[in-house]
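Engineer: quick one: sequence and predicted model below, then my questions.
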Amino acid sequence: MEVYEVVWLIVAGALVLFMTPGLALFYGGLSKAKSAVNMMMMSFAAMGLVALVWALWGDSMAFGESVGALFGNPADNFAQSDMVGSEDQYALVEVGFGATFAIITTALISGAIADRAKFSTWMIFVPIWMTLVYAPLAHWVWGDGLLTTGPIGSAVGEAVDFAGGLVVHMCAGLAALALVLVIGPRSDFAPTRGHNMPLVLLGASILWFGWFGFNVGEAGDAAQVGINWINTMLCPAAALVAWLITEWARGQKPTATGAASGIVAGLVAITPACAYVTPIWAIVIGIVSGVICQIAVNLKFTLKYDDTLDVVGLHFVAGLWGTIAIGLFADESLLAADEFEYAGGLLTGGGIDLLIAQAVACLVTLVFTFVVTYIIGLALHKTIGFRVEPDVEEEGIDSAAHGETAYELAAPAAKE
């Protein structure tokens, strides 16, 4: 790896790490004022816990020597001991870059259980989930695992996921759904608005800014940098506009929450496909994601699952769509740049092979992530409890769990 490549990866990693504070602002603004600190703290706790787990054994489980195509050997380069002082020491930057992906994935889950989850249980859940769900799935998709060189990939074709439609967004969305079903709805489950729209828009802006590092960080060459960058601009732009138009079309007002959510939906949808579709298809992916996610976030009231901050409706739905869209719109020459042997997507003359591989990868991700997360969540809920007491939920978790509040508004001084 050349020095300039290492430097760029450091910059990209810093951008991706900055996304998690952006997510904290986004979630904090969308939550209730009395639980905003807790909501943001769940993201910051993930930064600390996941970074440690990833450096100690998570990276090894994701990218180490494969154990039956299920996970990498956690003892392989444990705590990065094999790299220090070696010719591969520069690769520690790649380990750090991978950690930033793992951090944001875990933090995303927290939005679904806002206003009612125990912070102490969250601190225990994070390292367990990182070890049993995220790291193995990363191995399946980005290492020598089930969906690449393993039995499933060999049978139906290798899964294509440049930056995390499967590993990050579907994984986070499905984990969120599992925890929502374990913990149950809020006591006042009903349509609500966030308490601080400037925070929401600021958070969404930081996410979009950081996403250029997310999608461009590991681009293989200058040509791939260009396509990844422009697609990361166009897709969320199209999704933003499509979301607002959908609000109008459904008799609603165009909202700041909608604009921010549209941006996120488009960013999520282009994440797996950014290197493999032409700009016009990136716009199409964005338009579709804006429409379907605007509809999806309202289904929780019909289906009665309390996904508080729409992790399922944004990340699972858009991640699923973006992953499937590769099978429809991928360009053969762009796939070849990453040494994929597919002839393209179904609508670009490549036939159905890639679409089948993507659909199978989505199904495997869905079953594995949901089932294992549900088991982890249920085990914690039945033992130490995953939900706060009703009086804490009513009062607000900030004071009870952290002894702080987001806003300290002093009462006006009494007149003498």
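Structural biologist: The structure has been received and is ready for your questions.

Engineer: quick one: the strands in the protein?
Structural biologist: All strands of the chain, identified by DSSP state E, fall at 66-67, 71-72.

Engineer: quick one, what contacts A239?
Structural biologist: 262-263, 265-267, 269, 286-287, 289-290, 293 (CB atoms under 8 Å, 6 or more residues apart in numbering). For every residue, glycine as well, the C-beta is placed using N, CA and C.

Engineer: do that again at 7 Å, thanks
Structural biologist: 262-263, 265-266, 269, 286-287, 289-290 (CB atoms under 7 Å, 6 or more residues apart in numbering).

Engineer: which one of the strands of the chain lies closest to L347?
Structural biologist: strand 66-67 (34.1 Å; CB to CB).

Engineer: so which of the contacts of A239 is the closest to P236?
Structural biologist: G266 (3.2 Å).

Engineer: residue ranges with poor pLDDT in this structure?
Structural biologist: 409-416 (pLDDT under 70).

Engineer: now with 50, please.
Structural biologist: Filtered on pLDDT under 50, the chain yields the residue ranges 415-416.

Engineer: state the number of residues packed around the residue lying closest to F162 once chain neighbours are set aside.
Structural biologist: In space, F162 comes closest to A275 once its chain neighbours are excluded; the distance is 4.4 Å by CB to CB, 6 or more residues apart in numbering. Using other CB atoms under 10 Å, A275 is surrounded by 27 other residues.

Engineer: quick check: A275 touching W229?
Structural biologist: No - look at A275 against W229 with CB atoms under 7 Å: they stay out of range, at 10.4 Å.

Engineer: re the thing from before, pick the most deeply packed of the strands of the chain.
Structural biologist: Per residue and on average, the most neighbours among the strands of the chain fall to strand 71-72, with a mean of 24 (mean count of other CB atoms under 10 Å).

Engineer: which strands and helices sit next to it?
Structural biologist: helix 59-63, helix 135-142 (3 or more CB pairs under 7 Å, 6 or more residues apart in numbering; DSSP states H and E).

Engineer: dump those to CSV, plus distance to Y4 and mean neighbour count.
Structural biologist: Shown next, in CSV, are these (distance: least, CB to CB, whole Å; neighbours: other CB atoms under 10 Å):
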stretch, distance to Y4, mean neighbour count
helix 59-63, 23, 26
helix 135-142, 23, 26
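
Engineer: mind putting those in CSV, distance to G345 included?
Structural biologist: As requested, the helices and strands packed on strand 71-72 are arranged in CSV below (distance: least, CB to CB, whole Å):
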stretch, distance to G345
helix 59-63, 27
helix 135-142, 18
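
Engineer: nearest to L309, out of these?
Structural biologist: The nearest among the helices and strands packed on strand 71-72, by CB to CB, is helix 135-142 at 22.5 Å.

Engineer: I397 and G403, how far apart?
Structural biologist: 11 Å (CB to CB, to the nearest Å).

Engineer: E341: which of the strands of the chain is closest?
Structural biologist: Going by CB to CB, the one of the strands of the chain nearest E341 is strand 66-67, 21.0 Å.

Engineer: partner strands of that closest one and their direction?
Structural biologist: According to DSSP bridges, strand 66-67 forms sheet pairs with strand 71-72 (antiparallel).

Engineer: pull the residues that contact the strand it pairs with.
Structural biologist: Taking CB under 7 Å, 6+ apart as the rule, strand 71-72 contacts 60-66, 135-136, 139, 143.

Engineer: what does stretch 3-12 give?
Structural biologist: By CB under 7 Å, 6+ apart, stretch 3-12 touches 90, 93-94, 97, 213, 216-217.

Engineer: any idea which of those is closest to A112?
Structural biologist: For those, the closest approach to A112 (CB to CB) belongs to G213, at 25.0 Å.

Engineer: does the closest one touch V16 like I think?
Structural biologist: Yes - the pair G213 / V16 is scored as a contact, 4.8 Å apart, by CB under 7 Å.

Engineer: how many other residues sit next to G164?
Structural biologist: Neighbour tally, G164, other CB under 10 Å: 25.

Engineer: next, the contact list for the residue nearest to G58 when sequence neighbours are not counted, please.
Structural biologist: Excluding the flanking residues, the one nearest G58 by CB to CB, 6+ apart is A135, at 4.8 Å. Contacts for A135 (CB under 7 Å, 6+ apart) come out as 58, 61-62, 71.

Engineer: can you give me the helices for the stretch 51-200 of the chain?
Structural biologist: 59-63, 92-109, 119-129, 135-142, 151-156, 171-183, 197-216 (DSSP state H, counting those that start in this stretch).

Engineer: can you redo these as a markdown table with distance to M83?
Structural biologist: Formatted as a markdown table, the helices of the stretch 51-200 of the chain follow (distance: least, CB to CB, whole Å):
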| stretch | distance to M83 |
| --- | --- |
| helix 59-63 | 10 |
| helix 92-109 | 6 |
| helix 119-129 | 22 |
| helix 135-142 | 18 |
| helix 151-156 | 28 |
| helix 171-183 | 26 |
| helix 197-216 | 22 |
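
Engineer: closest to M41 out of these?
Structural biologist: That would be helix 119-129 among the helices of the stretch 51-200 of the chain, by CB to CB, at 6.6 Å.

Engineer: ok now the biggest helix by length in the chain, how far from the chain's centre?
Structural biologist: Counting residues, the longest helix found in the chain (DSSP state H) is helix 353-383. Averaging C-alpha positions (CA atoms, centre = their mean, to the nearest Å) puts helix 353-383 14 Å from its chain's average.

Engineer: what comes up buried for that helix?
Structural biologist: 353-355, 357-362, 364-366, 368-370, 372-374, 376-378, 380-381 (16 or more other CB atoms under 10 Å).

Engineer: ok, K253 - how many residues close by?
Structural biologist: 8.

Engineer: ditto for A69
Structural biologist: 19.

Engineer: surely it touches G145?
Structural biologist: Yes - using CB under 7 Å, A69 makes contact with G145 at a distance of 5.1 Å.

Engineer: find residues that contact each of those two.
Structural biologist: Contact criterion CB under 7 Å, 6+ apart; residues shared by A69 and G145: none found.

Engineer: in space, what's closest to G286 - neighbours in sequence excluded?
Structural biologist: A238 (3.0 Å).

Engineer: for A337, same thing?
Structural biologist: Q224 (5.8 Å).

Engineer: how about the contacts made by the residue lying closest to L174 once chain neighbours are set aside?
Structural biologist: Spatial nearest neighbour of L174, excluding adjacent residues (CB to CB, 6+ apart): T369 at 4.2 Å. Shown in contact with T369 (CB under 7 Å, 6+ apart): 133, 137, 171, 174-175.
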